[in-house]
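> Sequence below, structure please.
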Amino acid sequence: MISAWHPHHALLAVFLHTCAIYVFLILSLRFLGRRHLGQLTVLDLVIIILLGSAVETAMVAGNTSLPAGLVSAATLLALNHVMGLIFYRSKKLRHLIGGGPVVLVHFGHFVEENLIRVGLTHADVLQAIHQRGEAEIETVKFAVLEADGSINVVPMSAKSSCSQQPIARAES
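Purely as a prediction, here's the structure:
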């Protein structure tokens, strides 16, 4: 009788392993790096591919059967859907996991500690600035890394009620 339940226990292990790895990867990627899809490098892409390969066996608990693969895939899709609903409803959690905007350039000067924290170089930011039609960093009032990975640029010529005050550290 125990052997009849064994396949169900194996699939439960796949479900639990997949849940644990999903949560681990979300938290690790959130707190170890801020680089988003808009700034993926070749190294980032290689890491993503290798992570998928590295965790695959653990997710299916060594069970390479079709049911184990389906349970693992269904678990990932369901967790992703549930997390999307939770993030939609909870601004606080969305900010905690996804992060908020980070100021990269403030009145023509790089904010070095924020660049280091989000893993961007001067060249990355300058490329975004140039793509948005600004020739030099000195012509940029603000460059902000948004939570979705895009970099928004506000030129010095833009009208704003902002005064040139020192900025505080951005939250992560």
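> This protein: helices as residue ranges?
2-32, 42-59, 66-89, 91-98, 112-118, 122-131 (DSSP state H).
> Export the shortest one to PDB, keeping only CA atoms.
Coordinates of the C-alpha atoms in helix 112-118 are reproduced here as PDB (Å, rounded to 0.1, in the frame of the first residue of the first chain):
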ATOM      1  CA  GLU A 112      28.300  56.800  -7.500                       C
ATOM      2  CA  GLU A 113      26.900  54.900  -4.600                       C
ATOM      3  CA  ASN A 114      23.700  54.200  -6.500                       C
ATOM      4  CA  LEU A 115      25.500  53.100  -9.600                       C
ATOM      5  CA  ILE A 116      27.500  50.600  -7.600                       C
ATOM      6  CA  ARG A 117      24.400  49.400  -5.800                       C
ATOM      7  CA  VAL A 118      22.500  48.700  -9.000                       C
END
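> where does His130 land on pLDDT?
Per-residue pLDDT puts His130 at 91.
> looking at the helices of the chain, which is closest to Asp148?
helix 91-98 (8.3 Å; Cβ to Cβ). Quick note: C-beta positions are derived from backbone N, CA and C, even for glycine.
> of all the helices of the chain, which lies closest to Ser157?
Using Cβ to Cβ, the nearest of the helices of the chain to Ser157 is helix 122-131, at 13.8 Å.
> CA atoms only for the closest one, dumped as CSV, please.
In CSV, the C-alpha atoms belonging to helix 122-131 read as follows (Å, rounded to 0.1, in the frame of the first residue of the first chain):
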residue,chain,number,x,y,z
HIS,A,122,29.1,55.2,-16.3
ALA,A,123,29.1,53.8,-19.8
ASP,A,124,25.7,52.2,-19.3
VAL,A,125,24.2,55.4,-18.1
LEU,A,126,25.9,57.5,-20.7
GLN,A,127,24.5,55.2,-23.4
ALA,A,128,21.0,55.7,-22.1
ILE,A,129,21.5,59.4,-21.9
HIS,A,130,22.7,59.5,-25.5
GLN,A,131,19.8,57.4,-26.7
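> contact partners of stretch 15-29?
Around stretch 15-29, the neighbours that count as contacts under Cβ atoms under 8 Å, 6 or more residues apart in numbering are 51, 55, 58-61, 71-72, 75-76, 79-80, 83, 97.
> Can you flag the buried ones in the residues you listed?
Neighbour-count burial (16 or more other Cβ atoms under 10 Å) applied to the contacts of stretch 15-29 gives 55, 59-61, 71-72, 75, 83, 97.
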